[in-house]
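Novice: What follows is a predicted protein model with its sequence.
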Amino acid sequence: MTFISARRLVAVCAVTGAALAAAVAPGAASATTDLGELCSGSNVSGLGSSFQAPAQFVWDGLKGGKGFNVSTSEIACNGTFGSKAKPTVTYAQGEKEKGSGACLKDFGAGEAPKQNLFPFCGTDEAPSASVLAEMEGHAEAGVAPESVETIPVLQGAVAVVVHLPQGCKASSLITSGTKKVKLGRLVFDNTTVAKIYEGTIKTWKEAVEAQGENHGSDALSCAKAEEAEQTIKPVVRADKSGTTHIFKEYLSLVDGSQVNMEAFNEPQGGGTKPCGEAKPEELKTWAQVGEGCENQRWPAAIAKIRPTETGNPGVIHAVAATESTIGYADLAAARELEEFSKKFNKTTGKGGGENKKGTETAQGEQNYRFWAEIQDSAPSVSPVLYADPASNGDIEKLANSNCAGTLYVAKAGEKFPPVNTRLSWSAVKAETVQKKYVLCGLTYDLVVRQYSYFLKPLGLGEEESKPIATTVENYMKWALSSKTEGGGIEIKNHDYEKVSGAVLEEAEDGVEEIRNRENSPHL
C-alpha cells in the first residue's frame, strides 16, 4: 500500500485552492480521524541515543529553556492550545534504555518487542533495509508492514577527545585564513585519525610526525622523551552505539582498506556477551563493522579501552580520567559532562599548564585534555585546513555544533535524501570535505504510523492507543518546527544544529503519517 503525505500530494497533483485547503487544513478528516485534538494525548516516554539525549532534555524542559510544556508555539502543549492539557514527554536514560542499540532493540531488531513501553526512540544508526524488514515482520507483536518511520530530528558533531600522557602538552600550528594560529591542542588530519584506530600509528610521537609540517615543530612537547612514546589507547563504546556508527562511517570514507578486526570478547557492563558467541579475528572494512553487533568490533592492533559505563558519558569519563587516551563522543556530551566529570578540559592540572576555568580561549589553551580540530579540506589542498566540532571553539560556553550546511551523501547509486522516511537512511553519511566540521551526523527518532498495532503487546486497543499516538505526533511536529519557540529554535546554542531543507521536508512528511489505526484515511 502506498501512502502520500499532504506535501507530496501538492507536488504531484493539480487541485483547486478550495480542495487543497480542505486536504491540509487543521480539522480536516484526514488529519483528525484517528488522532485526538492537539494536546489531548497522554504522557509518553522515549529512550535510546545518548548522542541525542542532551537535546531531548532541552525539549522536555530538564535543561531549562522553553520545552514542549513551556513553549508559546501554537503547536506546543503549555496549557493554552488545543485541549489546554499538558501531556509530558520524557526521555529515559537508565542503563537498559541508553544508546542507539537500545532503541533498535525496543522497536524489534533482534527479537519481537514484548512490551512497547516506549512509543518513540532515538538512534544515530538508522535501521538498514533488512532491520526495517525485521521490525515490520513481527506481526505477532502488532507491528504493521511499512509502519516504521525514521525521522531525522537533528544534526550533531562527534568530537575527538584527547588526554595526553602526564608531562606532555600540545600546541599545533595551523593556517587560519591568512594567519598562522597556534592552538593549545593537537589537530589531526583524517588519515592520521584512521591510522590511530587501525593501530598502524601507535604513539603520540608517531601521530605528530605523520602530519609533518602541518603541526609545526613544537606541536607536542613532553617533560621526558619517553612520554611522547607512550601507546595511544583508544576508548571505544561498550554498547551498540549510533555514535560509533557515525564515527566508523567517517573512517570508511577516509580509509577503505581492510584491517584485521578483533572479535568483541570483553563482557559488557551486565557481564554477558551482547551479541552471542565471540567471533574469530577476520578481515573486515570499516563499513562492514558499522552496524548491529559488528558495531562493537575494533582492530586487534589497538590498545583499546572499553569502559563498563555505557553511552557517550562512558567514553568521556574514561578519557578524562585516563592518560594517553583518545576517544569519540558527541559534542553536547563532551561539553556538558565537564560539569560533573573531572572538568574534561577546563581545570588546572599536572603537566599540561592548563588555564583556569573560565579563562580559556577558542584556541583551546588547555594543552593536555582537549577536543581536537579535524581536517575538513581535500587531501590535495595545502596547507591542510582544520575545523572545530563547536561553532565557538574549545570553550565552556554552549553554542552550536559546527554542522550547518553539512554535505551528506548516501551510498553509490542512491539519492540523498531518501525519498521518504519509510525507507532506510542507514547509508547516509557526511562527506569528508566540508566548509565546516567533517565529523557530523544525523540523529533520528523512530516512530510508527499505526500505534494501535504497535502497542498490541500491551493489550491496548484503538481507543487506548489514540492518546499515545496523539502525543507522539504533537511532540515530533513541535520538535522539528523552526517557527517561534519550536524545537528547532529552542535547540539553538545547545551544541546541536537543526535539520533543514530537503531533510526537514522529509521529516515533516513522515510525522504527518503518524496515525492510530491501519485503516485510517491517508493522503
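Specialist: Nice, I can see it.

Novice: mind checking the longest strand of the protein?
Specialist: Secondary structure of the chain per DSSP state E: the longest strand is strand 148-163.

Novice: Can you give the distance from it to the centre of its chain?
Specialist: Averaging C-alpha positions (CA atoms, centre = their mean, to the nearest Å) puts strand 148-163 2 Å from its chain's average.

Novice: got it, and stretch 282-296?
Specialist: With CA atoms, centre = their mean, you get 18 Å for stretch 282-296.

Novice: now stretch 238-257
Specialist: That offset, for stretch 238-257, works out to 12 Å (CA atoms, centre = their mean).

Novice: picking up where we left off before, within its sheet, name the partner strands of the longest strand of the chain and how each one runs.
Specialist: On the basis of DSSP bridges, the sheet neighbours of strand 148-163 come out as strand 325-330 (antiparallel), strand 369-371 (antiparallel), strand 440-448 (antiparallel), strand 497-498 (antiparallel).

Novice: weakest of the ones you listed in terms of mean pLDDT?
Specialist: Lowest mean pLDDT of those: strand 369-371, a mean of 89.

Novice: Quickly note the distance from Pro307 to Ala329.
Specialist: Noted for Pro307: a distance of 11 Å to Ala329, by CB to CB, to the nearest Å. Every residue, glycine included, has its C-beta placed from N, CA and C.

Novice: got any residues that touch both of the two?
Specialist: Contact criterion CB atoms under 8 Å, 6 or more residues apart in numbering; residues shared by Pro307 and Ala329: Val315.

Novice: Of those two, which one has the most company?
Specialist: Ala329 (31 against 21; other CB atoms under 10 Å).

Novice: give me the beta-bridge partners of the more buried one?
Specialist: What pairs with Ala329, by the bridge criterion (DSSP bridges), is Ala159.

Novice: Contact partners for it?
Specialist: Contacts of Ala329 by CB under 8 Å, 6+ apart are Val158, Ala159, Val161, Thr243, Asn312, Val315, Ile316.

Novice: Check Thr203 too.
Specialist: Thr203 is in contact with Ala228, Glu229, Gln230, Thr231, Ile232, counting by CB under 8 Å, 6+ apart.

Novice: rerun that using 6 Å as the cut-off
Specialist: When contacts are counted by CB atoms under 6 Å, 6 or more residues apart in numbering, Thr203 touches Glu229.

Novice: quick one, phi psi at it?
Specialist: When read as degrees, to the nearest 10, the backbone of Thr203 gives phi -130, psi 160.

Novice: Let me see the confidence value for it.
Specialist: Confidence at Thr203, expressed as pLDDT, is 96.

Novice: and if you look at Cys103?
Specialist: The model's pLDDT for Cys103 equals 93.

Novice: secondary structure class for it?
Specialist: helix (DSSP: H, G, I helix; E, B strand; the rest coil).

Novice: for it, what are its contacts?
Specialist: Gly48, Cys121, Gly122, Thr123.

Novice: Could you report the separation of it from Tyr91?
Specialist: For Cys103 relative to Tyr91 (CB to CB), the value is 11 Å.

Novice: now do Glu508
Specialist: 21 Å.

Novice: So between those two, which is more surrounded?
Specialist: Ranked by neighbour count (other CB under 10 Å), Glu508 and Tyr91 place Tyr91 first, with 23 against 19.

Novice: dump the residue contacts of Pro145.
Specialist: Glu136.

Novice: Am I right that it falls within a strand?
Specialist: No: counting by three-state DSSP, Pro145 is not part of a strand but coil.
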